[in-house]
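Colleague: Let's see this in three dimensions:
(4 chains)
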4 protein chains.
Amino acid sequence: MAGNTFGTLLKLSSFGESHGEAIGGIIDGFPSNIEVDFEFIQLQLERRRPGQNVLSTPRNEKDKVIFLSGIFEGKTTGTPIAFLIYNTDKKSEDYDHLKEVFRPSHADYTYTAKYGNRDHRGSGRASARETLSRVVAGALAQIWLKHHDVSIRAYVTQIGPIKAQLHGSAFDYKAIEHNMVRCPDMEAAKEMIKLMEQTKLEGDTLGGIIQGEIIGTPAGIGEPVFDKLHAELGKAMLSINAVKGFELGKGFEAAAMKGSEHNDLMAVKDGTIQFLSNNSGGIQGGISTGENITFKVAFKPVSSIKTPQKTVDKKGQNIQIQIEGRHDVCVVPRAVPIVEGMAALVIMDFILRQKAYNNK
Amino acid sequence: MAGNTFGTLLKLSSFGESHGEAIGGIIDGFPSNIEVDFEFIQLQLERRRPGQNVLSTPRNEKDKVIFLSGIFEGKTTGTPIAFLIYNTDKKSEDYDHLKEVFRPSHADYTYTAKYGNRDHRGSGRASARETLSRVVAGALAQIWLKHHDVSIRAYVTQIGPIKAQLHGSAFDYKAIEHNMVRCPDMEAAKEMIKLMEQTKLEGDTLGGIIQGEIIGTPAGIGEPVFDKLHAELGKAMLSINAVKGFELGKGFEAAAMKGSEHNDLMAVKDGTIQFLSNNSGGIQGGISTGENITFKVAFKPVSSIKTPQKTVDKKGQNIQIQIEGRHDVCVVPRAVPIVEGMAALVIMDFILRQKAYNNK
Amino acid sequence: MAGNTFGTLLKLSSFGESHGEAIGGIIDGFPSNIEVDFEFIQLQLERRRPGQNVLSTPRNEKDKVIFLSGIFEGKTTGTPIAFLIYNTDKKSEDYDHLKEVFRPSHADYTYTAKYGNRDHRGSGRASARETLSRVVAGALAQIWLKHHDVSIRAYVTQIGPIKAQLHGSAFDYKAIEHNMVRCPDMEAAKEMIKLMEQTKLEGDTLGGIIQGEIIGTPAGIGEPVFDKLHAELGKAMLSINAVKGFELGKGFEAAAMKGSEHNDLMAVKDGTIQFLSNNSGGIQGGISTGENITFKVAFKPVSSIKTPQKTVDKKGQNIQIQIEGRHDVCVVPRAVPIVEGMAALVIMDFILRQKAYNNK
Amino acid sequence: MAGNTFGTLLKLSSFGESHGEAIGGIIDGFPSNIEVDFEFIQLQLERRRPGQNVLSTPRNEKDKVIFLSGIFEGKTTGTPIAFLIYNTDKKSEDYDHLKEVFRPSHADYTYTAKYGNRDHRGSGRASARETLSRVVAGALAQIWLKHHDVSIRAYVTQIGPIKAQLHGSAFDYKAIEHNMVRCPDMEAAKEMIKLMEQTKLEGDTLGGIIQGEIIGTPAGIGEPVFDKLHAELGKAMLSINAVKGFELGKGFEAAAMKGSEHNDLMAVKDGTIQFLSNNSGGIQGGISTGENITFKVAFKPVSSIKTPQKTVDKKGQNIQIQIEGRHDVCVVPRAVPIVEGMAALVIMDFILRQKAYNNK
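Modeller: Now for the predicted structure:
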């Protein structure tokens, strides 16, 4: 119950500090005989990788995943899949001056309070480098989901105050991988990039919002009353570094709507039941409706800023710090494959759970 | 893994359909020798109870909890605490005409898709009456937390489009239990009530927002990387009926802030470390900072509206329905003790987890 | 993690003290649309019931199970099945004189050490009356298993030093329910009964051995490396009151065999693979072979004896006690349906787990 | 729920095939600030290592453990401890001829039935080489337990039909590491070795029994009713390769004893409560008494024998095989550190659980 395992039937156990030997994990419960698309996994890691462009941290690691078990002759065996990614570009000495300092809004203070110690090198376990294992496991889940006709897409809809258009001609799924902020609205993307450049010059940082969609989930997936599909999805997203909010469907907007506006009416068309709207975000009563599952995830701005900040050190002295080093202006575009990966882990886990209980 | 158990060291297993024999649960992992304040538990049930006033559903049940085990001579024994609340006021026949119908934005369709059947009486397991067991277990957790100087308060900050003032003189904790919508802003409360009355006349329904605060949590509580404190708290809230969104601290607002604005600076005052702001909502890196944990929960409007709606039946025919019967215009005020209860279960569970691992 | 829940996908959460209100439980993860054979469940309770004959405890309770949820119109709904059995024949005052005393080889001392208190009435939670909930849940699992052509039988093979013949003409499955010790060897049964009568007169008690068989499990069930099928089966049996040993197949006898003797050779006959022996007890590498799963369970003698015993009280004084009241000479015959029930819970759980992971 | 994680608060997740890249695991829930005795861990691996002497398999691997995370500056950090041991001496081609064959009493047939495939190289995941990760994790637990004054010892009491004296002058704990079969009775050890040499010449194999003792467990550890201390201990032992039986205290012998013989009387001596015997094996009602926890574990003979055996192949043909290659005559002496390790994992997990719930 020490929090480093995610999932019930499909379990990811994760390990690793940003400046330790390696980051990795074990995936237990992955069905056998699935052909592994290694290129896709590596692609997802590339999409998460720092140093993709001038605006993200120039820590340039290859982030090459190595599989140690559970795959034989290119296929999963049904036994645990262990993997690791070595930390090849660590410069621990960069962090020596932070050893005694609690950086504001980092986990320095809380980890020390919890464990009575701290691996100060690059945030240790609290580093977002930990999400590498989520991307690897998530990509494997995405491969399995393909066989079940379920796919996932995520994209950036807001950076700082700049919002993408989510409807109409400005919105284009194909645009997502054609701008470095992974935004489906090319005009908004340009503004976002401009804002990032300017904020970088100021030594400041930005947050943002990612929207996710799970497409193709059959109706009937989810385990109420506590393991409602969106409750686990929410937990998955909220467990990602820097995430502060989660919404399903209309989310907070639903609070201001009337029942007559929010209800998703149904009709039979061409012999099949269809929903006339999807305000519910594809889940009702904690179980999938068969419609797209749509959700939003809010990221706070990066805590490492270059301007001087008041804080305290371990000895209980008031000090001022200035955080140098390799840091992103905004991590949100790089978080897209993490959101996809976590969504994949959740939905695959619930499909396995449903397989166990159904009577077929 | 069938979703009806919540928690790790403190576990609530819940059962019951709204029109079955009873609603109840088993709490396992509750420490021994804690004196049970039965009045407080019943009070929390009263606060959740329908029929508190003209605007909530007149289904008038006593909702008297009966304990079956785990309490001896007024104190907990450390063994499982089983409890139940009989369904005394059920009128199953009221639901006969809904047997073959999928009500829009109810769980009728999804439960049928999942289980291949449905207890149509008053939504069966999907009824919000299930939350009774959350309130009982949560109240017990609140009693234990008192011994650890942790308390919880929740209140309504929005109903429909009407928002309470959250700062300044309009905001008063003492007001919360002095208006029937449990709003800390008396002026806003009046407007909310007026809106509810008017919406009731229209046969329509409303959603809203509850804000919660956990006060007194020591620094160091939470289990990253997956079981971050706010990730479990988010799951807990998202598992409550009708909840569509969750925010910690600044939540979605944080997405538009700069690092220099959002970071919570620290200073030593009078020998202790203090945070100069609490934008983080009391959690950093998934672990409590010692500041108040603050969060918001969004509720969609009630799905049962009296105006005619298009929908389909089990035979796959397009029909129109009009939902009569006993329904709330807005459940948000009644959900306050549920939010409190779930928050209590989460925080107590994490404190137990920390007790296991610390070296004292 | 407080030990009162058993199983992974099929979960039994149990509650109740022998002299509290009721004993019962919640079964979560039971598939929907299974017709419930209430008579069979009650029959299994009858087989466990005290007072079946002069040699077992005359505490005469009806042990009538009441279902509170999860069953609608005679079929399971897929939601939690809650049930309880009231304690109607409790005479708590019989135990008043034991309040301050630690009875030898009871759980009095250890419960006090663990919880800092004790419900002294009839052993409280440590009473074997707790196994009622195992029998109810196990019987439900047996009903489900019937649909999967899996059945379970258990019988007594030893009471005190008297051993049944397990091979040859003396052994007859049909005999099991035709003698009150549930032994498949009628001659041995007579001797067992004689020994029990005599031991009762002496105020002493007896232990014994139950053998179990699970018939019809398909090959491929079990989850190595830790959740080997026989490891969970062993845990299930060892968790029953008074059990001190568990063997799969040849068990301890295997320690003295050579590989050439113990190995189960295989051959193809009539187009199907067959094992030429079953020394493995139907499990190899923690996974079922398709052969009968055979196991043995050892019960210690009942701790409540009528002869005077040295012990201590809560004040730390040496005392002597004589335990009066309603106690069995030997509980082993009554434990047969408990062994069957626990075996059913284990095997059903593993079949559900396999359903989740297979690729069909 | 795919069976490769052991424990609740202290969790070992294990991975690896005997002829894959590596064997290893992740330990989650290990408390922080514990100094790691790397030499002790390596010593335990040495004691498990094949090729210690002429009678065990000459596969000569260094089995050097590499830690990847969770340890910083020689101390545990409280975050997951990942480790691996490379498979340096694998000769996969040795197993090519077995690719299509089901070896008798190996897991070849059952793994194929379960997963629809098989890594045939040296038994793959079913190889006892998997137990390396148990020894590493167990050794870490033993280090932690030392701080809590709990220690564990295990030793061989039977090989084939040769039994050690367990009482009187023949028994000497110091002898255990002075003979290559780890037997506390030097005379019996000599006979055991002679039998092993002779059996090796015959191309046959042997089983045996290990006895374990856990010393220093405080009274009050264990989580009834399902997670009784000996139930989890039994599961732990039964999950080790080749184990077929488990006994606590008197075990199967207890079945033939009378209550008056088996009961452990108590007395106060020098102000503390003492047990006058320990037939219970240190556990009553599933909770530790404070006495030594004593148990026995039965191992079947090794399945790989050199004499020809009837079996079948994947095509469903009757064949005869002769298993060559590097195999032990008897694995029992090498299993001693595995038994110790698993016992350590169990007892540490339960102590953590008790820490969570107690009121101090």
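Colleague: For the stretch 251-360 of chain A, just list every one of the strands.
Modeller: Remark: strands assigned in the stretch 251-360 of chain A by DSSP state E, counting those that start in this stretch are A:266-269, A:272-275, A:283-284, A:287-288, A:293-299, A:309-313, A:318-321.
Colleague: For the last one, which strands pair with it and how are they oriented?
Modeller: Which is strand A:318-321. When pairs are called by DSSP bridges, strand A:318-321 turns out to pair with strand A:309-313 (antiparallel).
Colleague: what about stretch A:253-263, average pLDDT?
Modeller: What stretch A:253-263 shows for mean pLDDT is 98.
Colleague: Next: stretch A:316-328.
Modeller: For stretch A:316-328, the mean per-residue pLDDT is 86.
Colleague: now do the same end-to-end measure for that stretch.
Modeller: Terminal residues of stretch A:316-328 lie 29 Å apart, using Cα to Cα, to the nearest Å.
Colleague: Next: stretch A:173-180.
Modeller: Using Cα to Cα, the end-to-end distance of stretch A:173-180 comes to 14 Å.
Colleague: which parts of that stretch are buried?
Modeller: By 16 or more other Cβ atoms under 10 Å in any protein chain shown, the buried positions in stretch A:173-180 come out as A:175, A:176, A:179, A:180. Just so you know, the C-beta spots here come from the backbone N, C-alpha and C atoms, and that holds for glycine as well.
Colleague: How about the third one, nearest residue that isn't a chain neighbour?
Modeller: The spatially closest residue to residue A:179, leaving aside those adjacent along the chain, is residue A:189, at 3.9 Å (Cβ to Cβ, 6 or more residues apart in numbering or on different chains).
Colleague: hang on, the one you found is in a helix, isn't it?
Modeller: Yes. With DSSP: H, G, I helix; E, B strand; the rest coil as the criterion, residue A:189 is assigned to a helix.
Colleague: Hmm, it is touching residue A:176, no?
Modeller: No. Using Cβ atoms under 8 Å, residue A:189 makes no contact with residue A:176, being 9.2 Å away.
Colleague: Touching both of those two, which residues are there?
Modeller: Contact criterion Cβ atoms under 8 Å, 6 or more residues apart in numbering or on different chains; residues shared by residue A:189 and residue A:176: residue A:183.
Colleague: which regions of the stretch 151-300 of chain A sit below the pLDDT cut-off?
Modeller: In the prediction, the stretch 151-300 of chain A carries no residues with pLDDT under 70.
Colleague: just the helices in it please.
Modeller: Counting by DSSP state H, counting those that start in this stretch, the stretch 151-300 of chain A has these helices, from start to end: A:186-201, A:229-238, A:259-262.
Colleague: To residue B:270, which of those helices lies closest?
Modeller: Judged by Cβ to Cβ, the one of those that comes nearest to residue B:270 is helix A:229-238, at 34.0 Å.
Colleague: How about the closest one and chain C, any contact?
Modeller: No. Judged by Cβ under 8 Å from any Cβ of the partner chain, helix A:229-238 and chain C are separated, with a smallest distance of 15.4 Å.
Colleague: what's the helix ranked longest in chain A packed up against?
Modeller: Longest helix in chain A by number of residues, with DSSP state H as the criterion: helix A:332-357. Identification of packing neighbours for helix A:332-357 by 3 or more Cβ pairs under 8 Å, 6 or more residues apart in numbering or on different chains; DSSP states H and E yields helix A:38-48, helix A:132-147, strand A:151-159, strand A:208-215, helix A:229-238, strand A:293-299, helix C:332-357.
Colleague: got the buried residues for it?
Modeller: Neighbour counts over helix A:332-357 (16+ other Cβ under 10 Å) mark A:332-357 as buried.
Colleague: Let me know the angle separating it from helix A:229-238.
Modeller: Here helix A:332-357 points in a direction 140 degrees away from that of helix A:229-238 (axes from the mean of the first three to the mean of the last three Cα atoms, to 10 degrees).
Colleague: Helix A:332-357: how far from the chain's middle?
Modeller: Centroid separation for helix A:332-357 versus its chain: 10 Å, with Cα atoms, centre = their mean, to the nearest Å.
Colleague: Can you lay out the helices of the stretch 151-300 of chain A as TSV showing mean neighbour count?
Modeller: As requested, these are exported to TSV (neighbours: other Cβ atoms under 10 Å in any protein chain shown):
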stretch	mean neighbour count
helix A:186-201	18
helix A:229-238	29
helix A:259-262	22
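Colleague: Throw those helices into CSV and include distance to residue B:153, thanks.
Modeller: Shown next, in CSV, are these (distance: least, Cβ to Cβ, whole Å):
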stretch, distance to residue B:153
helix A:186-201, 37
helix A:229-238, 22
helix A:259-262, 28
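Colleague: Nearest to residue C:98, out of those helices?
Modeller: Once the helices of the stretch 151-300 of chain A are compared by Cβ to Cβ, helix A:229-238 is nearest, at 46.5 Å.
Colleague: can you dump the C-alpha coordinates of that closest one into CSV?
Modeller: What follows is helix A:229-238, C-alpha atoms only, in CSV (Å, rounded to 0.1, in the frame of the first residue of the first chain):
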residue,chain,number,x,y,z
LEU,A,229,-14.8,4.4,-14.6
HIS,A,230,-14.3,8.1,-14.3
ALA,A,231,-13.3,7.9,-10.7
GLU,A,232,-10.3,5.7,-11.6
LEU,A,233,-9.6,7.8,-14.7
GLY,A,234,-9.6,10.9,-12.5
LYS,A,235,-7.3,9.2,-10.0
ALA,A,236,-5.0,8.2,-12.9
MET,A,237,-4.8,11.8,-14.2
LEU,A,238,-4.5,13.4,-10.8
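Colleague: could you check whether it is close to chain B?
Modeller: Yes. Helix A:229-238 lies within reach of chain B by Cβ under 8 Å from any Cβ, at A:230, A:231, A:232, A:234, A:235, A:236, A:238.
Colleague: Fine by me, thanks again.
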